[in-house]
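Colleague: Would you be able to build a 3D model of this:
(2 chains)
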Amino acid sequence: MVDKEELRATIADTLDVDAAQLTDDAHFMDDLGIDSLMALEVMVVLERQYGVKLDESRLKEITCLNRAHDLLHAELAQASS
Amino acid sequence: MTAAPAAPAARPTTRAPGDAATARAVTTPLTVHHRHGSGGVVTVPWDAGLFPLRGHYPGFPIVPGVLLVETADRAVREVGGVEAAWSGIRTTRFQRPVYPGDVLRAEVEVSSGGEITTAKVALTVAGAAAATVTLTYQDDAPAPVAAVPHARVRPGEPDPDVTGILPHRYPMLLVDRVLHLDPPRTLLAAKAVSAGEWPYEHAGTTTGYPWPLVVESWCQSAGVLAAADRPNPDVLSGQVMLFGGISGITLGAPVRPGDVLVHRVQLDRDLGDVLMMSGSSEVDGRTVMSVDRITMAMRPADALARTSGAGA
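Modeller: Down below sits the predicted model:
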């Protein structure tokens, strides 16, 4: 439902990093030097692109590509059920 | 870079000061330290007497972030060999304030992909990251698309004094009038562009208004919306606004003296101390700039206090 490569491209574009750098498990803050403002930006971009509403409390869950993918997948599954 | 192949209606390839396609807010000469095939390194000092710093802010001068963006563009022109029109700001991250007395170093890396040229610029002061800026260049770029639906201006709107809300002052107060204010979600504000402004001291009236000042004007309008219910015209106390990032800006036809910019701002997210906004700017109903997102942080004024003596 959520294409991981498309998600990788979206997040890499938002963070202005190379898609190759954004591996599945690269930690946004520890490995890529992303601060909390940029993490918030990612959340807002994902909301817009995937048409979901993410609560701010979910922000700390978006720590790497895999986690973001899981979160979106769960949100979209819930929205369509 | 090699010269671009001849194209119809080519833009001028050499731009003398005062004859640029767009005027500059700052014309302090750049010092070139290094050039390579796709970029190089320049430095520029920020003199405490620099005119726009008078109003940004009175009693507490900080180099406006948009002037860092302008420096990035100047550096790209100087060592990146880019001559195409400035078409957008892909991302900007402000990491540390730059103060009068600082010397800014800009490292430029240009890459071309088809019609769009991309330039990444790392800005540092004394080895510390000040900002990273990614700019795009493209001749005959498609016009920007308005990012927010048109708001309706209703008669009898509140007419707040902008100087009662923002700390910016002449010559850096770039919002003239609030046209429509529907806090916390939307705002329309106007700014009349004049050849009497300082960028035109050495530029003709058909020269474009500096894009970084269009961005600043939009951001100040966003500041009015953010601060409408918590005005703080005093930058030395309380909560002050800092821009964390500006992303996805598309630039269109040049803005000229005589134009009235109408900025549309929409609040997308409010986390109390962090706000995200988007919008666009128009002249006579034609979109000249769209803004995908900006991040604004409200921080205690003492967070702005200089933490290192570098360059003091």
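
Colleague: what sits against the nearest residue to A:Asp18 once chain neighbours are set aside?
Modeller: Taking CB to CB, 6 or more residues apart in numbering or on different chains, and ignoring the residues beside it in sequence, A:Asp18 has A:Ala12 as its nearest neighbour in space, at 6.6 Å. (Each C-beta comes from the backbone N, C-alpha and C, glycine too.) For A:Ala12, the set of contacting residues under the criterion of CB atoms under 8 Å, 6 or more residues apart in numbering or on different chains consists of A:Asp18, A:Ala19, A:Gln21, A:Leu22.

Colleague: helix or strand for A:Ala12, which one?
Modeller: Using DSSP states H and E, A:Ala12 maps to helix A:4-15.

Colleague: Over to A:Leu72?
Modeller: A:Leu72 belongs to helix A:65-80 when assigned by DSSP H and E.

Colleague: Okay, angle between that helix and helix A:4-15 too, please.
Modeller: Using axes from the mean of the first three to the mean of the last three CA atoms, to 10 degrees, the interaxial angle of helix A:65-80 with respect to helix A:4-15 works out to 110 degrees.

Colleague: In helix A:65-80, which residues are buried?
Modeller: A:Leu65, A:Arg67, A:Ala68, A:His69, A:Leu71, A:Leu72, A:Glu75 (16 or more other CB atoms under 10 Å in any protein chain shown).

Colleague: residues in contact with A:Leu72?
Modeller: Applying CB under 8 Å, 6+ apart to A:Leu72 gives the contacts A:Val2, A:Leu7, A:Leu46, A:Tyr50, A:Val52.

Colleague: right, I mislabeled it, should have said B:Ala131
Modeller: Taking CB under 8 Å, 6+ apart as the contact definition, B:Ala131 lies against B:Gly65, B:Leu68, B:Val69, B:Ala72, B:Thr92, B:Arg93, B:Phe94, B:Gln95, B:Arg96, B:Leu123.

Colleague: mind giving me CSV with those and columns for neighbour count and pLDDT?
Modeller: What follows is the contacts of B:Ala131, written out as CSV (neighbours: other CB atoms under 10 Å in any protein chain shown; pLDDT from 0 to 100):
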residue, neighbour count, pLDDT
B:Gly65, 26, 94
B:Leu68, 22, 97
B:Val69, 24, 97
B:Ala72, 28, 98
B:Thr92, 27, 93
B:Arg93, 24, 90
B:Phe94, 23, 90
B:Gln95, 14, 87
B:Arg96, 15, 88
B:Leu123, 25, 98
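
Colleague: Just the ones in helices from these, please.
Modeller: Under the assignment DSSP state H, the contacts of B:Ala131 contribute B:Gly65, B:Leu68, B:Val69, B:Ala72 to helices.

Colleague: And the lowest-mean-pLDDT helix or strand in chain A, how far out from the chain middle?
Modeller: Taking mean pLDDT, DSSP states H and E as the measure, the helices and strands of chain A show their lowest mean at helix A:36-50, namely a mean of 86. In terms of CA atoms, centre = their mean, to the nearest Å, the gap separating the centre of helix A:36-50 from the centre of its chain is 7 Å.

Colleague: now the angle between helix A:65-80 and that helix, please.
Modeller: Orientation check (the same axes, to 10 degrees): helix A:36-50 against helix A:65-80 gives 40 degrees.

Colleague: Helix A:36-50: which residues count as buried?
Modeller: The neighbour-count check on helix A:36-50 (16+ other CB under 10 Å) flags A:36-47, A:50 as buried.

Colleague: ok, and of those residues, which contact chain B?
Modeller: Filtering those for neighbours of chain B using CB under 8 Å from any CB of the partner chain leaves A:Ser36, A:Leu37, A:Met38, A:Leu40, A:Glu41, A:Val44, A:Val45.

Colleague: isn't the fourth one right next to B:Leu271, touching?
Modeller: Yes. The pair A:Leu40 and B:Leu271 passes the contact test of CB atoms under 8 Å, sitting 7.1 Å apart.

Colleague: between those two, what contacts are shared?
Modeller: Overlap between the contact sets of A:Leu40 and B:Leu271, as judged by CB under 8 Å, 6+ apart, is given by A:Glu56.

Colleague: Next to chain A in this structure, residues from chain B, please.
Modeller: Taking CB under 8 Å from any CB as the criterion, the contact residues of chain B with chain A come out as B:90-91, B:93, B:132, B:134, B:244-245, B:247, B:268-269, B:271, B:274, B:276, B:293, B:295, B:297.

Colleague: farthest pair in those residues?
Modeller: B:Thr134 and B:Leu271 (25.0 Å; CB to CB).

Colleague: These two - which one has more neighbours?
Modeller: Using other CB atoms under 10 Å in any protein chain shown as the criterion, B:Thr134 and B:Leu271 rank with B:Thr134 on top: 18 against 13.

Colleague: check which helix or strand covers that one.
Modeller: With elements delineated by DSSP H and E, B:Thr134 resides in strand B:128-137, which encompasses its position.

Colleague: Now find how far off-centre the helix or strand just after that strand is within its chain.
Modeller: Tracing the chain past strand B:128-137, the next element assigned as helix or strand by DSSP H and E is strand B:177-182. Between the mean C-alpha location of strand B:177-182 and the chain-wide mean there is a distance of 21 Å, by CA atoms, centre = their mean.

Colleague: I'd like to know which elements strand B:177-182 is packed against.
Modeller: strand B:186-192, helix B:211-227 (3 or more CB pairs under 8 Å, 6 or more residues apart in numbering or on different chains; DSSP states H and E).

Colleague: ranking the ones you listed by burial, who's on top?
Modeller: Each of the helices and strands packed on strand B:177-182 was given a mean neighbour count from mean count of other CB atoms under 10 Å in any protein chain shown, and the largest, a mean of 26, is that of helix B:211-227.
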